[in-house]
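Enquirer: sequence first, then the predicted structure:
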Amino acid sequence: MSLSFHVFHTLQQRIVEGDIPPGSKISEPELAREFNVSRSSLREAIQRLEAGGLVIRTPNVGARVITLSAAKLIEIYEIREALEGMACRLAAERMTVQQIDELKQLLADHAKAESLQSGQSYYQSEGDVDFHYRLIHGSQNQQLIDWLCGELYQLVRMYRVQFGMAGPRAKTAFKEHSQIVDAIASGDGELAEMLMRRHIAASRKNIQVKLQLQEQEDVASISRS
């Protein structure tokens, strides 16, 4: 693994999980010292973050982490609703029995998490242990995989991790995942697509409410200062 990729992956995780908050300025000198890398390696890592939609670079100003907004959320989740719904329909047609069993096992593993059992949160790490990621790959449509598990993936995770995985919807979201797998296992692509579209729409509304409350709090805080 190259130095620039290590820096990129570490910063990506920090941004997605909120350790580097939305809107934060990226300080190249500080990060270069922290990671003990050259400015050129650091800039390469920041360019990767920019390509993934997590960072915005402004000439003569520098790079900042994107600000999450209700408007951007709606646009992204409209895309997800359509494309992940399609991925589910294709997965119902194309996933093997073994792949479906592995998807069921993934949910069984998720069910053991203490945070989910208590109803506090439904956290999924990235990649193969992420239900949505695994299901999209089950579509066996490379264009869908490239779009949903490529550039858009970490941006979607940023919304999900920071606003959508904690709170009373956790157990409901898990139940919806189980229903989607049951539809795929029965080969009912139409039902699987409908369930996924409903699932993503419900997640969008949940996150939208939280974002709007935060935006109102930010405005109120500015007014008081």
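Expert: That came through, no problem.
Enquirer: can you name the next helix or strand after whichever strand or helix holds E81?
Expert: In the assignment (DSSP states H and E), E81 maps to helix 70-94. Sequence-wise, the next helix or strand downstream of helix 70-94 (DSSP H and E) is helix 97-111.
Enquirer: need the contact partners of that next one.
Expert: Outside helix 97-111, the residues within contact range by Cβ atoms under 8 Å, 6 or more residues apart in numbering are 95, 116-117, 122, 124, 129, 131, 134-135, 138, 174, 177-178, 181, 184-185. Where C-beta positions appear, they are placed from N, C-alpha and C, glycine not excepted.
Enquirer: mind picking the lowest-pLDDT entry from those residues?
Expert: Among the contacts of helix 97-111, Q124 has the lowest pLDDT, at 81.
Enquirer: distance of the residue positioned nearest the centre of the chain from A113?
Expert: Compute the mean C-alpha point of the chain, and by Cα atoms, centre = their mean the closest residue is R157, 1.4 Å away. Distance from R157 to A113, counting by Cβ to Cβ, to the nearest Å: 17 Å.
Enquirer: do E176 as well
Expert: Computed as Cβ to Cβ, the E176 to A113 distance reads 16 Å.
Enquirer: ditto for E217
Expert: For E217, the distance to A113 - Cβ to Cβ - is 29 Å.
Enquirer: which one of those two is surrounded by more residues?
Expert: Counted by other Cβ atoms under 10 Å, E217 and A113 do not tie: A113 has more neighbours, with 16 against 10.
Enquirer: contacting residues for the more buried one?
Expert: 122-123.
Enquirer: again, only using 7 Å
Expert: With contacts defined as Cβ atoms under 7 Å, 6 or more residues apart in numbering, A113 has no neighbours.
Enquirer: stretch 148-162: which residues count as buried?
Expert: Buried positions in stretch 148-162, judged by neighbour count with 16 or more other Cβ atoms under 10 Å: 148-149, 152-162.
Enquirer: and which of those residues is nearest G52?
Expert: Closest approach to G52 among the buried residues of stretch 148-162 (Cβ to Cβ): Q154, at 5.2 Å.
Enquirer: avg pLDDT for the longest helix belonging to the chain?
Expert: The longest helix of the chain (DSSP state H) is helix 189-224. The average pLDDT within helix 189-224 is 86.
Enquirer: okay, buried residues for that helix please.
Expert: 189, 191-197, 199-200, 203-204, 206-208, 210-211, 214.
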